[in-house]
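> Structure for this input, please:
(one chain, ligands or ions: 2)
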Amino acid sequence: MDGSAGAASGGDILDQIFGRAISAKTLFRDRRILTHEYVPERLPFRERQIAAIGEALSPLLRQSKCSNLLLYGKTGTGKTAVAKYVLRRLTVKARELGVRVVAAYTNTRVAGTEYRVLFELGAAVDARIPFTGLALSEVSQRVISKIEQGGFYTVFVMDEIDFLVRSAGDDLLYELTRVNERLRRGFIALIGISNDLKFKEFLDPRVLSSLSEEEVVFPPYTAEELRVILLERAKEAFMEGAVDPAAINLCAALAGAEHGDARRAVDLLRVAGEVAEREGAPRVEDKHVRLALQKIEQDRIVEALRSLPLHEKLLVLATLEAGGPSTTGQVYARYSHLCRQVGLDPLTQRRISGLLSELDLLGLLDTDVVSHGRYGRTKRIQVLIEGRLVYEIFREDPVLRGVLP
Ligand SMILES: Nc1ncnc2c1ncn2[C@@H]1O[C@H](COP(=O)(O)OP(=O)(O)OP(=O)(O)O)[C@@H](O)[C@H]1O
Ligand SMILES: [Mg+2]
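Residues are numbered from 1 along each chain as shown. Ligands and ions are numbered 1, 2, ... in the order given. Got it, this is the predicted structure:
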């Protein structure tokens, strides 16, 4: 069937859906503005951090050396947004002035390996590096000679740097903090970003002192600050009058009550907008924010369940089968039984204790320690999610189909 015949038939389900989409009042002007990738033009309440980073990097514009920086603060406090914003402004200024400043950015969690981290830096200075295959020393040599040849004043942002340190140690950072000693021309400044300062313990003291020559702290936002941030972003993202101020206040209050996380606030507003639009509502109201809260939590749980390793899925099933709070021993017995049913060797009870705590942290199980006075303590474990939902998701896993009710 060709396209015109399909369009002409009118009654088909897609035509109805598309038709509704066209005729419904759209609330969003530009939904992209509330997605994670978007870096806003203005970042209120981060003037101090922007100025500090700008100040620290500005010698690069005079082709002089500058300090390395460490940016830290809890999740959603604007570290990534601010770093990208300053890099963008720095490169624009450098172009205006005609000076050779190069800005490179990588998220080490997304990059995954030391090789990929260096690859991203190489790409920014136009070094020719294959996707895989070279020795690390060869890669860094190519990057260094490019920086030297071009006389580039380079700033390299390594976002979520704790991931790199935990997964690969600090060899690469050691090397990068030493590069300037070897460069005859050009320079490289490092910016590390993290929301988890424990990684500092894994660093060689020399690497640590070099990386954190200057530190910039990102405090959590207050609910009032989140409200102002959301108001600004809503103005660009939504049509005029499409958002009830009460809805914004509620997003800000909910995100502020946790730990001042702007990502959470922005997510709430975006999902509330989607819920309202799908409902055909004339504007986003606080009831949509409440629905968004449920939806985000539900999506998080579904995602967490779906990505569990097999043994942890079996543990969730074993705990569900118990039908109420049960002891580690009871859960372990059922888990072992399930393992045999699917043809796996059960892990030791000790390992299982550790996995149970992880499932607790994910908010999938609740493990309570009950004290029996001098008779010791036992864990009471129960599943926090409806069995129906768990079974529905686990049914996607072919190994588990045979043991589901
Ligand atoms: N001051 C602000 N004004 C406008 N939007 C902001 C501001 N601060 C943060 N945001 C937005 O909030 C979201 C989270 O910010 P960002 O990604 O920078 O957090 P982060 O500190 O890097 O968190 P994480 O440690 O989890 O990586 C982004 O969508 C960002 O655009
Ligand atoms: Mg970030």
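
> tally of neighbours for Glu114?
20 (other CB atoms under 10 Å). Placement of C-beta: from N, CA and C, glycine included.

> who's in contact with the spatially closest residue to it that is not a sequence neighbour?
Excluding the flanking residues, the one nearest Glu114 by CB to CB, 6 or more residues apart in numbering is Leu172, at 4.6 Å. Shown in contact with Leu172 (CB atoms under 8 Å, 6 or more residues apart in numbering): 114, 117-118, 136, 164.

> can I assume Leu172 sits in a helix?
Yes: according to DSSP: H, G, I helix; E, B strand; the rest coil, Leu172 belongs to a helix.

> element containing the nearest residue to Leu197 once chain neighbours are set aside, please.
Leaving out its chain neighbours, the residue that sits closest to Leu197 by CB to CB, 6+ apart is Tyr72, at 5.9 Å. Using DSSP states H and E, Tyr72 sits in strand 69-73.

> got the contact list for the strand or helix carrying Asp368?
If you go by DSSP H and E, Asp368 is part of strand 365-371. Applying CB under 8 Å, 6+ apart, the contact partners of strand 365-371 are 316, 319, 325, 356-357, 359-360, 377-384.

> In helices only, show me those residues.
316, 319, 356-357, 359-360 (DSSP state H).

> Now do the contacts for Thr328.
With CB under 8 Å, 6+ apart, Thr328 has these contacts: 349, 352-353, 356, 378-379, 381.

> Check Arg42 too.
Applying CB under 8 Å, 6+ apart, the residues contacting Arg42 are Glu232.

> So what does the nearest residue to Glu285 once chain neighbours are set aside have for phi and psi?
Distances taken as CB to CB, 6+ apart put Asp244 closest to Glu285, at 4.7 Å, once the chain neighbours are dropped. Asp244 adopts backbone torsions of phi -70, psi 130, taken as degrees, to the nearest 10.

> In this structure Val82 contacts Leu43, no?
Yes: the pair Val82 / Leu43 is scored as a contact, 5.9 Å apart, by CB atoms under 8 Å.

> just to revisit the earlier point, which one of the contacts of Leu172 is nearest to ligand 1?
Leu164 (14.1 Å; CB to the nearest ligand atom).

> Enumerate the residues of the protein near ligand 1.
Residues of the chain lying close to ligand 1 by CB under 6 Å from any ligand atom are 36, 40, 43-46, 73, 75-81, 195, 218, 229, 233, 262-263, 266.

> mind redoing it with 5 Å?
40, 43, 46, 75-81, 195, 229, 262-263, 266 (CB under 5 Å from any ligand atom).

> Can I get the buried part of the residues you listed as one ChimeraX selection?
For the buried members of the residues of the chain next to ligand 1, the matching ChimeraX selection, counting by 16 or more other CB atoms under 10 Å, is:
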select :40,43,46,76,77,78,79,80,81,195,229,262,266
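
> Which members of the residues of the chain next to ligand 1 are the farthest-apart pair?
Pro40 and Asn195 (19.7 Å; CB to CB).

> Next, the buried residues of stretch 104-122.
So, applying 16+ other CB under 10 Å, buried residues of stretch 104-122: 104-108, 111, 114-115, 117-122.

> Endpoint to endpoint, that stretch covers what distance?
Stretch 104-122 stretches 9 Å from its first residue to its last (CA to CA, to the nearest Å).

> Over to stretch 297-315?
Terminal-residue distance, stretch 297-315 (CA to CA): 21 Å.

> In it, which of the residues would be classed as buried?
Neighbour-count burial for stretch 297-315 [16+ other CB under 10 Å]: 301, 304-305, 308, 311-315.

> mind putting these in JSON lines, secondary structure, pLDDT and distance to Arg142 included?
Below are these laid out as JSON lines (DSSP: H, G, I helix; E, B strand; the rest coil; pLDDT from 0 to 100; distance: CB to CB, whole Å):
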{"residue": "Ile301", "secondary structure": "helix", "pLDDT": "92", "distance to Arg142": "45"}
{"residue": "Ala304", "secondary structure": "helix", "pLDDT": "93", "distance to Arg142": "41"}
{"residue": "Leu305", "secondary structure": "helix", "pLDDT": "94", "distance to Arg142": "44"}
{"residue": "Leu308", "secondary structure": "coil", "pLDDT": "94", "distance to Arg142": "41"}
{"residue": "His311", "secondary structure": "helix", "pLDDT": "95", "distance to Arg142": "43"}
{"residue": "Glu312", "secondary structure": "helix", "pLDDT": "95", "distance to Arg142": "42"}
{"residue": "Lys313", "secondary structure": "helix", "pLDDT": "96", "distance to Arg142": "44"}
{"residue": "Leu314", "secondary structure": "helix", "pLDDT": "96", "distance to Arg142": "47"}
{"residue": "Leu315", "secondary structure": "helix", "pLDDT": "95", "distance to Arg142": "47"}
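
> And those residues, which two are furthest apart?
Using CB to CB, the buried residues of stretch 297-315 span at most 18.9 Å, a distance reached by Ile301 and His311.

> got any residues that touch both of Val82 and Leu43?
Ile50.

> So which elements touch the host helix or strand of Leu230?
Per DSSP H and E: Leu230 is located in helix 223-237. Where contact means 3 or more CB pairs under 8 Å, 6 or more residues apart in numbering; DSSP states H and E, helix 223-237 is packed against helix 245-258, helix 262-279.

> where do the strands sit along the stretch 51-200 of the chain?
69-73, 101-107, 153-159, 187-194 (DSSP state E, counting those that start in this stretch).

> now for these, which one comes closest to Phe394?
Of the strands of the stretch 51-200 of the chain, nearest to Phe394 by CB to CB is strand 101-107, at 31.1 Å.

> and that closest one with strand 153-159, angle?
10 degrees (axes from the mean of the first three to the mean of the last three CA atoms, to 10 degrees).

> Packing partners of strand 101-107?
Strand 101-107 packs on helix 79-97, helix 114-124, strand 153-159, going by 3+ CB pairs under 8 Å, 6+ apart.

> Alright, that wraps it up for me.
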